[in-house]
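**Q** A predicted structure for the sequence below; I have some questions about it.
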Amino acid sequence: SFLLIVSHGYSDTLTKALENAYDNSDELRIQRTWLRENDEKVASGVAGKRPMISLNPSVSSGYSFSSSCMGFCNSTTANISIKAEASVLDAGRSDIKILQAKEQINIERLTLHEIEQDVLLTALKAFVDLRRNMEFVALERSSVALLEKEIQAAKDRYAVGEITKTDVSFAESRLESAKGQLSRQLGLMEISKEQYKLVVGLEPGDLQSPPNLPVLPGSLDIAKSNALTKHPTIKKLNIASKISDLDLDLARANYKPKVGFSGSISDTSASGKLSSTVSLGGELLLYGGGLRSSAERSAIAKVEGSKIKLLLNSRKIMQGVANSWAQLNIARALISANIKQIKAAEIAYRGVKDEAEFGLRTTLDILDAEQNLMAAKVQLASTKRDEYVRAYELLKAMGMLTAKNLNLNVIQHDVTKNYDAVKNAPRNSQFFKL
């Protein structure tokens, strides 16, 4: 298990670190604002289908020469008009654009899902990296203390003529090397603390042992099946394929006519009479120089490309799942081997020390045995860290590394709340902000 180094008066758990990272993430906040911005594109599309009504007041004043006033006469005219315009028939163009905007919102929601996975995985790595580096520091301190005792014992043996000055120098050399490693690990621990603060948003407390690993699939096939249905990238590419189909529909709609309605009512002070006009006009492009055909061919190519991209990236994601699965199994195998290695190294170290008492081993043999034991413990700390990282990487590869799946105690962002409020393009309460 991980060693614990006390540095603060409070404790941090992995779960709490993940919750803080979720709550404090600027990346998530940025994507949420971007999502709200995209919600308004649906509102804009809905508003575009409604009539546009405008008020157009004007006042004009001028001078003209006239005999009636024996010179230049001033004339002022005021006019006010109300105009209305609306699309009557656009061959479904407006509806297609609204559908595209809705699908784009779904893509941005899945991007939020991707960012959430990145934030949680980064926080997990920051937590276990810091704990690993704390254990490295504890191991190096223990090694320094042990070597100091070995040097004192070597000096005592040298004083009675059991060993030579060379043996003492070997021990002193190893001690200075261990002190250098301790300084290095202290520096790496400080770097890990800064990374923790960056991704979690708080100073690290006393990091407790991580809980049990999250529930993972029982087989690689199940993991791949989960990825096919839950991975946000696959979902995004499916939606992108739908948008490509809508692009093709939009390109083909350009062959169809458009019909619009417009009308106005105006009053001019000079005449004192109301006048009104109503018009219904259409547009059908008979020849566009091949522009519409080019746009259609381009849309067809985009549809084909989106489907190929979906297949390609699905295979890559399946490979990523398999890689994560294999890396997790490697980490578990290494943990088992490291535990056995430590047991054997401890027995060897004790045996070498006992044999040295009878002159069968040298000081160098003791130092080598201690170094082997130290290396095994360092390796175990690294592989335990790797097991947690690989497990959470597997969750991410399946699209399941989310606050909901981890049962984190956080207020999860409701992606539909703002959309439901604005999707029908409601107006502000002020009249002149219609």
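**A** Sure thing, it's come through. Numbering: from 1, shown residues only.
**Q** ok, and for the helix or strand bottoming out on mean pLDDT in the chain, which residues are buried?
**A** Ranking every helix and strand in the chain by mean pLDDT, DSSP states H and E puts strand 273-283 at the bottom, with a mean of 73. Under the neighbour-count criterion of 16 or more other CB atoms under 10 Å, strand 273-283 has nothing buried. All C-beta atoms are positioned from the backbone trio N, CA, C, and that covers glycine.
**Q** after it comes which helix or strand?
**A** Per DSSP states H and E, the first helix or strand lying C-terminal to strand 273-283 is helix 291-357.
**Q** tell me the mean pLDDT for that following helix?
**A** The average pLDDT for helix 291-357 rounds to 94.
**Q** other SSEs contacting that helix?
**A** Using 3 or more CB pairs under 8 Å, 6 or more residues apart in numbering; DSSP states H and E, the elements in contact with helix 291-357 are helix 220-230, helix 232-253, helix 363-397.
**Q** quick one on the thing from earlier: and the least confident helix or strand of the chain, how far from the chain's centre?
**A** 54 Å (CA atoms, centre = their mean, to the nearest Å).
**Q** Switch the helices and strands packed on helix 291-357 over to JSON lines; also include distance to Ile96 and mean pLDDT.
**A** Listed next are those as JSON lines, based on distance: least, CB to CB, whole Å; pLDDT from 0 to 100:
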{"stretch": "helix 220-230", "distance to Ile96": "28", "mean pLDDT": "96"}
{"stretch": "helix 232-253", "distance to Ile96": "5", "mean pLDDT": "95"}
{"stretch": "helix 363-397", "distance to Ile96": "35", "mean pLDDT": "93"}
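**Q** winner for burial among those helices?
**A** helix 363-397 (a mean of 21; mean count of other CB atoms under 10 Å).
**Q** Can you give the distance of that helix from its chain's centre?
**A** With CA atoms, centre = their mean, you get 29 Å for helix 363-397.
**Q** what's around Asp156, how many residues?
**A** 11 (other CB atoms under 10 Å).
**Q** roughly how far apart are it and Gln208?
**A** According to CB to CB, to the nearest Å, Asp156 stands 41 Å off from Gln208.
**Q** same check, this time on Ser264
**A** In terms of CB to CB, Ser264 sits 74 Å off from Gln208.
**Q** now Ala381
**A** Taking CB to CB, one finds Ala381 at 16 Å from Gln208.
**Q** quick one on the thing from earlier: can you spell out which helices and strands pack onto the least confident helix or strand of the chain?
**A** strand 258-268.
**Q** relative to strand 273-283, how tilted is the strand it packs on?
**A** 170 degrees (axes from the mean of the first three to the mean of the last three CA atoms, to 10 degrees).
**Q** strand partners of strand 258-268, parallel vs antiparallel please.
**A** Applying DSSP bridges, strand 258-268 is found paired with strand 71-89 (antiparallel), strand 273-283 (antiparallel).
**Q** which residues are contacting it?
**A** By CB atoms under 8 Å, 6 or more residues apart in numbering, the residues outside strand 258-268 that reach it are 77-91, 93, 273-284.
**Q** pull the CA atoms of the least confident helix or strand of the chain into CSV?
**A** Extracted in CSV, the C-alpha atoms of strand 273-283 (Å, rounded to 0.1, in the frame of the first residue of the first chain):
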residue,chain,number,x,y,z
LYS,A,273,-53.8,59.8,-46.4
LEU,A,274,-52.9,56.2,-45.5
SER,A,275,-51.4,54.0,-48.3
SER,A,276,-50.8,50.3,-48.2
THR,A,277,-49.1,47.8,-50.4
VAL,A,278,-49.1,44.0,-50.4
SER,A,279,-46.9,41.8,-52.5
LEU,A,280,-46.4,38.1,-52.9
GLY,A,281,-43.2,37.2,-54.9
GLY,A,282,-41.3,34.1,-55.8
GLU,A,283,-37.9,33.2,-57.1
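**Q** Give me the contacts around that strand.
**A** Residues contacting strand 273-283 (CB under 8 Å, 6+ apart): 88-89, 257-268.
**Q** go with 10 Å
**A** 81-85, 88-90, 257-268 (CB atoms under 10 Å, 6 or more residues apart in numbering).
**Q** circling back to that earlier point, nearest to Asn323 among the strands paired with strand 258-268 would be which one?
**A** Among the strands paired with strand 258-268, the nearest to Asn323 by CB to CB is strand 71-89 (52.4 Å).
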